[in-house]
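Colleague: A structural model of the following input is requested.
(one chain, ligands or ions: 1)
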Amino acid sequence: MQVIPLTPRGYCYGVVDALTLAQRVAGDPNVPRPIHVLGMIVHNRHVVNELSRQGIVTVDGADRAELLERITGGTVIFTAHGISPQVKARARDRGLTCFDATCPDVTRTHEVIAERAARGVEIVYIGKKGHPEPEGAMGVAPGHVHLVETEADLQALHLPPGPVAVVTQTTLSQWDTQALIDACRRHFPEAEVFNEICLATQERQEAVATQAGAADLVLVVGDARSNNSNRLVQVAQEIAGRPAHRIDSVEDIRPEWLAGVQTVGVTSGSSTPTQLTKEVIDYLRSLPEDGGAPPPLERRAVVRLPGAGGRARA
Ligand code: SF4
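Modeller: Residues are numbered from 1 along each chain as shown. Down below sits the predicted model:
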């Protein structure tokens, strides 16, 4: 089987920093135990399992303010998706030792929101409902950040008179977001617009858009909850016009997808461990061209994470 590794793919710097921080905290005997992560540190269950093996407990659920109340002592790590100032303050008030793995790109979005909201600007935030990044961003200026995911949400929005700014989540599809930004501009012609889709997300989407056309099929390695992985599938299907599937690991590849396929493009979300993508590429390359029986799958149980030594901000 011919394989085209779509480049760039996989880990972004924000994820590498977050994982490095978590492992450094886990390896520091002076950090109070137990160590928790408030939500999935990045949206990948293999990563969460590996951190669990290192003694880090993930508390996961829809509302991080509520989740925080379940943590009764020790240390809490905030995830790369960013956290509201209220949750941060509450964690400190409760005497927890705090580490913040928020990606600098998300922090910049929070700063844009805080600065505009302080000047009386209402924020239209384009993002995905139920994802932690919008939850954190909305907490920056409670009541003044209005989440819209579709044009229907925008139509239903009734803002008080005054200035408006439009801000986006970092991991959206560039193409969908541009359509929604255009709709926002029609709705609020005076609005300042901040397209905050991060460079890592843009580069991975553009790689799929420009390189996947040469493949008969595209496989995106990533977790079901990873927004940027799901968006890569969408870009492969809608922009590159290729059949595409998201897979969690090599074990998810279905033989029927490969029938009549000669070339597979492979990419991965920014939270996907490199090892999982490599296993997919190696497996596909090992498939006989004559359609004979595939070799047995070999998955390593433990996923290696980027090493210790990154930044830490308490
Ligand atoms: Fe940061 Fe972008 Fe990576 Fe998210 S996808 S952690 S915003 S670099």
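Colleague: can you list the residues of the stretch 201-314 of the chain near the ligand?
Modeller: Within the stretch 201-314 of the chain, the residues that sit near the ligand (CB under 6 Å from any ligand atom) are 201, 228, 270. C-beta coordinates here come from the backbone N, C-alpha and C atoms, glycine included.
Colleague: quick check, nearest of the residues you listed to the ligand?
Modeller: residue 270 (4.3 Å; CB to the nearest ligand atom).
Colleague: my read: residue 104 touches residue 12, true?
Modeller: No - using CB atoms under 8 Å, residue 104 makes no contact with residue 12, being 11.1 Å away.
Colleague: thinking again about what came up before, can you tell me which of the residues of the stretch 201-314 of the chain next to the ligand has the most neighbours?
Modeller: residue 270 (31 neighbours; other CB atoms under 10 Å).
Colleague: name the SS class of it, please.
Modeller: What DSSP: H, G, I helix; E, B strand; the rest coil gives for residue 270 is coil.
Colleague: in contact with it, which residues are there?
Modeller: Counting by CB atoms under 8 Å, 6 or more residues apart in numbering, residue 270 touches 10, 11, 12, 14, 15, 42, 171, 200, 201, 204, 226, 228.
Colleague: need those in JSON lines with pLDDT, can you?
Modeller: Listed next are the contacts of residue 270 as JSON lines, based on pLDDT from 0 to 100:
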{"residue": "10", "pLDDT": "97"}
{"residue": "11", "pLDDT": "96"}
{"residue": "12", "pLDDT": "97"}
{"residue": "14", "pLDDT": "97"}
{"residue": "15", "pLDDT": "96"}
{"residue": "42", "pLDDT": "92"}
{"residue": "171", "pLDDT": "93"}
{"residue": "200", "pLDDT": "96"}
{"residue": "201", "pLDDT": "95"}
{"residue": "204", "pLDDT": "97"}
{"residue": "226", "pLDDT": "94"}
{"residue": "228", "pLDDT": "93"}
